[in-house]
Structure formats: C-alpha cells, structure tokens
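# The sequence and its predicted three-dimensional model are supplied below.
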Amino acid sequence: MADLVLEVQKHGNVTESLTSIDADTAINASTAVLNNMTSYYTTTISSTATRNEAWERGLFNLAEAVSFSVAIGVMVIFGLVANLLTIAAIVKSRKLRSSPFNVMIISLCVSDLISTANSPFVLYWKTWGVFEFNLPLCFCKSTLSIDIWTNAVTIQHILVFISIRLLAVKYPRRMKDFTLRKSKIAIFVIWVEAGVVNLGAMAWSLHKYPSGSLSPTGKSCSVYGPKSPTLRMFTYITWPLYFYLPTLIIVILTFVLVRILIKRRSLKQQAKKIDASIRKETGALVQLSFIVASFLIGYLPDFGYRLTMVITSLLGIKFYGRGPWLFSITSHVFVRISECLNPIFYNLGSSQMRKATKDLLGIEDNKRSTSTPIETKSKKKENIETSIPISSSKDKTRL
C-alpha cells in the first residue's frame with residue numbers, strides 16, 4: 001500500500017505521524033489512539049454527568065454550594081483576624097502571658113487558626129471537588145488529616161483546661177505546682193501525640209481517584225480501597241478515645257465544677273463576706289463556661305456525624321446521599337462558628353483580656369480618663385492653692 005500518513009491528535013496536544021507503514025500497523029495504531037480518546041472523554045463526561053446529577057437531582061444544588069461557600073468564607077476571615085488578635089493581646093501583656101492558663105488559650109487559638117486556614121479545602125472536598133478533586137494529591141491527603149488533627153488537639157486542650165480548673169477549686173494550694181513550664185510541656189505532648197496518631201494514619205490511607213464514580217465511597221478524594229479495612233479498624237479504636245470519651249468527660253466535669261463553685265459562693269454569701277477570691281473564682285467560672293459552651297456548640301454536631309458514620313459502618317448500612325451530605329456540611333459550619341465565638345468568649349470571660357485587647361487596638365477605656373486635660377490642670381492648680389498655708393491676722397499686723 002502506498003505511503004500512509006495518519007495524524008491523530010490526542011487531547012488536543014499530542015500529534016503522532018505514521019509514515020511508510022503497512023495498512024495493518026496503521027489500523028492498529030489508530031484503533032489504540034481512538035480507544036484512549038474514548039476512555040478519556042467517557043471518564044470526563046461521566047464525571048460531569050455525575051456532578052450535574054448531584055446539583056440538579058439529589059445530593060446538593062449550585063445555590064446551596066455557593067451559599068455555604070460565602071458563609072464559610074466570611075467566618076474564615078473573621079476567625080483568622082480574631083484569633084490572631086487574641087494571641088497578640090496575650091503575648092503583648094506580660095501579666096497575661098505569664099499565666100499557664102493563658103498559654104493554653106494561645107495554643108487553642110493556634111489550633112483554631114490552623115483549622116480555619118484548612119477550612120476552605122474541607123469545603124472544596126465536601127462540595128466543588130466531591131466528584132472530581134482537581135487539587136494535587138498532597139491536598140487530598142493533608143485536608144482531612146489536618147481536620148482530624150486539629151479536632152483532637154482542641155478537645156484535649158479543653159479536657160486538660162477544665163481538669164486543672166477543677167483541681168484549682170478543690171485544692172487551691174496545689175495550683176502552685178502547675179507552673180508555666182508544665183503547661184508548655186502539656187501543650188507540646190498534646191500536639192505531638194495527636195499529630196503522630198491522626199496525621200500519619202489519614203495521610204497513609206487517602207487516595208485521589210480520577211472520578212468519584214471509581215471510588216468505593218463515591219468521592220474523588222477518598223480512602224484507598226485496599227487500605228479501607230485497616231483504616232476502619234483504626235477509627236473504631238481511636239475515635240472513641242480521642243473524641244467521644246473525652247467529650248463525655250468534659251460534660252460531666254463541667255457540671256461538677258459549676259456545682260462546686262455555686263456551693264462555695266453560697267457559703268461565702270451566707271457569711272456576708274465577699275472577698276477577692278470569690279470574684280476570681282467567679283471570673284474563672286464564667287470564662288470556663290464560655291469556653292466549654294463554644295466547644296459543645298461547635299463540636300457536638302461534628303462528633304455526632306462521625307459517630308453516625310461509625311455506627312452505620314458497623315451495621316453495614318450505606319451512609320451516602322443528600323441527608324448525610326447536609327449533616328456533614330452543617331457540622332462543618334458549626335465548627336467554624338465555634339472558632340469565631342472562641343475569641344469573643346475569651347474576652348467576655350476575663351476583664352484582663354478585654355483590657356489587653358483594647359490596649360492592642362488602641363481603644364481608650366472611658367473609666368481611666370473621664371476628665372479633660374483642662375480639667376486636670378485646673379484641679380492641679382486648686383490643689384496647689386489649697387496647699388499654701390493662710391497667714392493669720394496677727395502675722396498681717398506684724399507686717
């Protein structure tokens with residue numbers, strides 16, 4: 001057969017030229033290229049059809065995805081600014097940064113900062129990239145790993161914080177043993193052990209599929225099939241230890257702490273003696289109550305979602321569809337709300353924190369200077385005049 005020149009353009013970029021070959025070779029080559037093109041475009045069309053079906057028929061629609069994106073975007077900006085301001089206010093104040101409890105608040109703010117910065121990628125994984133995760137593989141592995149890591153770090157901070165507060169109420173003299181150095185050691189241990197356990201396991205098991213239709217979970221960024229049984233056993237063991245049991249302990253300790261403080265305050269009031277220790281205990285109670293309330297508001301829905309995943313997995317029930325998606329995205333929104341509330345509650349529960357924040361922002365406290373400069377000068381002049389002794393009438397006659 002005469003010279004055959006066949007040009008096949010693959011995906012719009014690669015051009016192959018077949019010259020001076022027989023008909024059979026040309027046909028085989030063209031068939032292989034056409035099969036590759038068919039496979040590529042079939043995958044693309046399948047992914048697009050799956051996404052359109054989710055938006056139009058079942059999982060979520062475009063308006064919902066945009067609404068959640070805007071709301072979370074606003075909360076991300078506020079959370080980043082508010083937590084950075086809280087950290088700066090504590091670090092700038094020598095008195096605040098010398099407290100072991102305030103150092104733990106700084107660590108909590110750092111956890112919220114990391115979680116907030118990671119939030120847009122979690123949102124993308126739940127909505128825009130659920131069927132076709134177009135970000136690199138490192139984002140697929142890091143997004144969920146960081147989300148689990150920061151959740152574990154936050155709950156352990158809250159547990160240590162409330163435990164120490166309870167010990168401070170029961171044994172106030174022993175609180176001197178909880179020094180700034182011990183607080184930093186506890187923070188370091190929490191970050192490291194939570195990171196080693198959760199970051200390593202999640203990063204190891206996650207995989208990016210070309211399309212959600214090829215994934216066993218229906219999501220493009222998902223657990224790799226052969227590693228799924230190992231990760232499932234890992235979650236059965238670690239999630240109760242890191243999430244559910246600590247949350248239950250926090251709720252119990254909160255009721256115990258409130259009961260002790262109310263009882264002690266009532267005894268003091270019956271004695272008609274309210275000293276500085278009562279005010280200090282009341283301030284500690286208010287701040288701790290705010291912190292725990294914010295934690296429960298933000299993380300109970302998220303833990304409920306994770307617990308539902310574990311239960312349905314144990315029972316062999318498929319947990320997929322619009323209901324689970326709404327449960328998942330709503331729990332994510334509540335976590336963002338908690339990260340926005342935390343800096344506000346830190347300031348509401350501590351007058352020293354409010355003062356440090358005002359000083360950082362350059363807001364003058366009205367209680368400090370209620371008089372104008374002219375009034376202060378006149379007061380000084382009056383004080384000088386009244387301090388001069390008035391001569392008696394005998395002294396005047398002598399003159």
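Ah, there it is.
# ok, residue 121 touching residue 135?
Yes. Contact status for residue 121 versus residue 135: in contact at 7.5 Å, counting by Cβ atoms under 8 Å. For every residue, glycine as well, the C-beta is placed using N, CA and C.
# In which helix or strand does the residue nearest to residue 174 when sequence neighbours are not counted reside?
Setting aside the residues directly before and after it, residue 174 is nearest to residue 167 in space (Cβ to Cβ, 6 or more residues apart in numbering), at 6.6 Å. With elements taken from DSSP states H and E, the one containing residue 167 is helix 137-170.
# Likewise for residue 293?
Residue 293 is located in helix 276-315, with elements delineated by DSSP H and E.
# what do you get for residue 68?
Taking DSSP H and E as the definition, residue 68 sits inside helix 62-92.
# Residue 207 should be in a helix, yeah?
No. Assignment of residue 207 by DSSP: H, G, I helix; E, B strand; the rest coil gives strand, placing it outside any helix.
# can I assume it is in contact with residue 226?
No. Applying Cβ under 8 Å, one finds residue 207 not in contact with residue 226, separated by 9.5 Å.
# neighbour count winner among these two?
residue 207 (17 against 9; other Cβ atoms under 10 Å).
# Grab the nearest non-local neighbour of the more buried one.
When the adjacent residues along the chain are set aside, residue 207 lies closest to residue 224, with 3.6 Å between them (Cβ to Cβ, 6+ apart).
# burial measure for the one you found, as a count.
16.
# Phi first, then psi, for it.
phi -70, psi 130 (degrees, to the nearest 10).
# just to revisit the earlier point, so for the helix holding residue 68, what's the average pLDDT?
Model confidence over helix 62-92 averages 93 on the pLDDT scale.
# Name the residues of it that are buried.
For helix 62-92, a neighbour-count test (16 or more other Cβ atoms under 10 Å) marks 64-65, 68, 72, 75-76, 78-80, 82-83, 85-87, 89-90 as buried.
# how many neighbours does residue 121 have?
Residues near residue 121, counting by other Cβ under 10 Å, number 19.
# contacting residues around it?
Residue 121 is in contact with 135, 139, 142-143, counting by Cβ atoms under 8 Å, 6 or more residues apart in numbering.
# hmm, try it at 10 Å
Contact criterion Cβ atoms under 10 Å, 6 or more residues apart in numbering gives 129, 135, 139-140, 142-144, 146-147, 221 as the residues in contact with residue 121.
# what do you get for residue 80?
So residue 80 contacts 112-113, 116-117, 119, 339-340 (Cβ under 10 Å, 6+ apart).
# Let's see that with 8 Å instead.
Contacts for residue 80 were tallied using Cβ under 8 Å, 6+ apart; they are 113, 116-117.
# Can you select the buried ones from those in PyMOL?
For the buried members of the contacts of residue 80, the matching PyMOL selection, counting by 16+ other Cβ under 10 Å, is:
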select buried, resi 113+116
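# Just the ones in strands from the contacts of residue 80, please.
Within the contacts of residue 80, no residue falls in strands by DSSP state E.
# got the contacts of residue 80 as TSV, with pLDDT and distance to residue 174 columns?
Putting those into TSV (pLDDT from 0 to 100; distance: Cβ to Cβ, whole Å) gives the following:
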residue	pLDDT	distance to residue 174
113	94	32
116	94	36
117	94	38
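# before we move on, the earlier item: where does the residue nearest to residue 174 land on pLDDT?
Residue 167 is assigned a pLDDT of 80 by the prediction.
# got any ranges where the stretch 1-150 of the chain has weak pLDDT?
In the prediction, the stretch 1-150 of the chain carries residues with pLDDT under 70 at positions 1-58.
# rerun that using 80 as the cut-off
Along the stretch 1-150 of the chain, the parts satisfying pLDDT under 80 run over 1-59.
# ok, back up a step: for the helix holding residue 293, packing partners?
For helix 276-315, the contact count by 3 or more Cβ pairs under 8 Å, 6 or more residues apart in numbering; DSSP states H and E identifies helix 137-170, helix 228-239, helix 245-270, helix 322-348 as packing neighbours.
# Redo those as CSV? Include distance to residue 362.
Listed next are the helices and strands packed on helix 276-315 as CSV, based on distance: least, Cβ to Cβ, whole Å:
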stretch, distance to residue 362
helix 137-170, 30
helix 228-239, 45
helix 245-270, 35
helix 322-348, 16
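# Number of residues surrounding residue 319?
In terms of burial, residue 319 registers 17 neighbours under the definition other Cβ under 10 Å.
# In this structure it contacts residue 313, no?
Yes. A contact is recorded between residue 319 and residue 313 when judged using Cβ under 8 Å, the distance being 7.3 Å.
# how near is the nearest residue to residue 334 once chain neighbours are set aside to residue 330?
By the measure of Cβ to Cβ, 6+ apart, the closest residue to residue 334 outside its immediate chain neighbours is residue 301, 4.6 Å from it. Distance check for residue 301 against residue 330: by Cβ to Cβ, to the nearest Å, it reads 6 Å.
# and if you look at residue 357?
Computed as Cβ to Cβ, the residue 357 to residue 330 distance reads 31 Å.
# The two - which one has more neighbours?
Neighbours per residue (other Cβ under 10 Å) separate residue 357 from residue 330, with residue 357 holding more: 22 against 13.
# if I pick the more buried one, what's in contact with it?
The neighbours of residue 357, taking Cβ under 8 Å, 6+ apart as the test, are 85-86, 89, 347.
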